[in-house]
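A.B. asks: Next one to model:
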Amino acid sequence: MKCPLDGHELVRQRYEADIDIDKCPECGGLWLDHQELERIQDCREHDYSEEIKQIPNLVNQAFTMALARSKPAVQCPSCDQVMERREYGSASQVMIDVCTSCRGIWLDNGEINALELFFERSGSDTAEIRSGFLAGLMDFFD
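C.D. replies: Numbers count the residues shown, from 1 in each chain. Model (predicted):
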């Protein structure tokens, strides 16, 4: 597979636990096959405790998001379809490129760290609150 940004051959390497990803040796971008990002999210191998203590630079994140939105669309390195650019999840402030055909994800250099920090900051409390809210809402309609 070739990097959708610079055409270099992607190199397969171990990221965390038993998760293999494809990385561009030139730009540092990452190709994640379907469900690999979810597996990375579930794994807690990297320690982000010091980064979590720091106050996020929201102005810088907003500027980075605006730049990411303005970039041209890229071709999927796996199936050659035009990828869709969108913010990951809700309020992550990380733009990712998603292939709607093979469901792979392209992450520019540094975006995997930003996502892992977002996962750590969100924690499991967010999922519990969300599921509790949705369950209560469903009870309201029943």
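A.B. asks: and the residue nearest the centre of the chain, what does it touch?
C.D. replies: Nearest to the geometric centre of the chain sits residue 115, at 5.1 Å (CA atoms, centre = their mean). Residue 115 sits next to 37, 40-41, 88, 92, 94, 96, 107 when contact means CB atoms under 8 Å, 6 or more residues apart in numbering. C-beta coordinates here come from the backbone N, C-alpha and C atoms, glycine included.
A.B. asks: Can you show me the strands along the protein?
C.D. replies: 11-16, 19-23, 30-32, 84-87, 95-98, 105-107 (DSSP state E).
A.B. asks: looking at those, which is closest to residue 60?
C.D. replies: Among the strands of the chain, the nearest to residue 60 by CB to CB is strand 95-98 (14.0 Å).
A.B. asks: Not counting its own residues, what contacts stretch 34-43?
C.D. replies: 15-17, 19, 21, 32, 102-105, 112, 115-116, 119.
A.B. asks: So which of those sits lowest on pLDDT?
C.D. replies: Across the contacts of stretch 34-43, the bottom pLDDT score, 77, is held by residue 17.
A.B. asks: about what we covered before: ok, of the contacts of stretch 34-43, which one's closest to residue 4?
C.D. replies: residue 104 (10.6 Å).
A.B. asks: What are the neighbouring residues in contact with that closest one?
C.D. replies: Counting by CB under 8 Å, 6+ apart, residue 104 has contacts 31-34, 76-79, 98.
A.B. asks: which of the residues you listed count as buried?
C.D. replies: Among the contacts of residue 104, those classed as buried by neighbour count (16 or more other CB atoms under 10 Å) are 31-33, 76-78, 98.
A.B. asks: of those, closest to residue 4?
C.D. replies: Using CB to CB, residue 77 is the member of the buried ones among the contacts of residue 104 that sits closest to residue 4, with 5.3 Å.
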